[in-house]
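Model the structure of this input:
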Amino acid sequence: MAYFSIQVLTQSGLTVLSLAIYSLLISLSGRAIAAYGKQHSIAEKRIIYTKKYFRAGLFTLLALAITIIWGIDFRGVLIFASSFFAVVGISLFASWSVLSSITSSVIIFFQFPYRIGDRIHLIDGDNSINGTISDMTFFYIQIETDDGEEIAYPNNLAIQKPIGRLPKQQLGMQQEADERDD
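Below is the predicted model:
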């Protein structure tokens, strides 16, 4: 009986320690992401999205740590997880771009050289786009064209296609040239 109570106390202590580490990591990662976002002039909305990604990842690690601490039988967990991921995998197979766009949005957060309000030229063969970035979400970069049209361009394509910044001074010349061509 004494061994059992020592084991439960040890597991409880490790669980509390895991929760404390989790809270510390949430706080530190939140501050680091916010500082990075402010330093690179990233929109507050995108900073919030990225914090949510990190919280979800840290929660998954916490759940795994607690599972290990309490000695939950992994065979049952693995059967459940494999069944769950088989269903999710089949449902995502038809729309693999969803997962790709979410992953791309994290890459865009840290590495994309353009910000909301920048004028860009997105080169996509015959479907090239000139416009202003009006928003960046989990799945899309919203681009407002010179004609006022809103285009939602998938994040996974945005990191694969060349994108150029349109200089502010050349923008007026380009619009005048387009109007003369019409």
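
And the strands in this structure, which stretches?
Defined through DSSP state E, the strands belonging to the chain, from first to last, are 119-122, 129-136, 140-145, 150-154, 163-165.

what comes up buried for the fourth one?
I take that to be strand 150-154. Taking 16 or more other CB atoms under 10 Å as the neighbour-count basis, strand 150-154 is seen to contain the buried residues 153-154. C-beta: built from backbone N, CA, C; applies to glycine.

Tell me which strands it pairs with, and in which orientation.
Neighbouring strands of strand 150-154 in its sheet, by DSSP bridges, are strand 140-145 (antiparallel).

And the partner strand, what's buried?
Within strand 140-145, the residues scored as buried using 16+ other CB under 10 Å are 140-143.

Check stretch 46-58 too.
Across stretch 46-58, burial judged by 16+ other CB under 10 Å covers 46-47, 49-51, 53-54, 58.

before we move on, what about stretch 130-143?
Judged by neighbour count (16+ other CB under 10 Å), stretch 130-143 contains these buried residues: 130-133, 136, 138-143.

And stretch 61-72, by the same measure?
Within stretch 61-72, the residues that qualify as buried are 62, 65-66, 69, counting by 16+ other CB under 10 Å.

what do you get for stretch 108-122?
Going by neighbour count (16+ other CB under 10 Å), the buried part of stretch 108-122 is 108-109, 112, 114, 116, 119-120, 122.

Is it possible to get JSON lines of these that adds pLDDT and distance to residue 22?
Conversion of those to JSON lines gives the following (pLDDT from 0 to 100; distance: CB to CB, whole Å):
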{"residue": "108", "pLDDT": "86", "distance to residue 22": "27"}
{"residue": "109", "pLDDT": "83", "distance to residue 22": "22"}
{"residue": "112", "pLDDT": "83", "distance to residue 22": "29"}
{"residue": "114", "pLDDT": "87", "distance to residue 22": "34"}
{"residue": "116", "pLDDT": "88", "distance to residue 22": "32"}
{"residue": "119", "pLDDT": "93", "distance to residue 22": "42"}
{"residue": "120", "pLDDT": "93", "distance to residue 22": "39"}
{"residue": "122", "pLDDT": "91", "distance to residue 22": "40"}
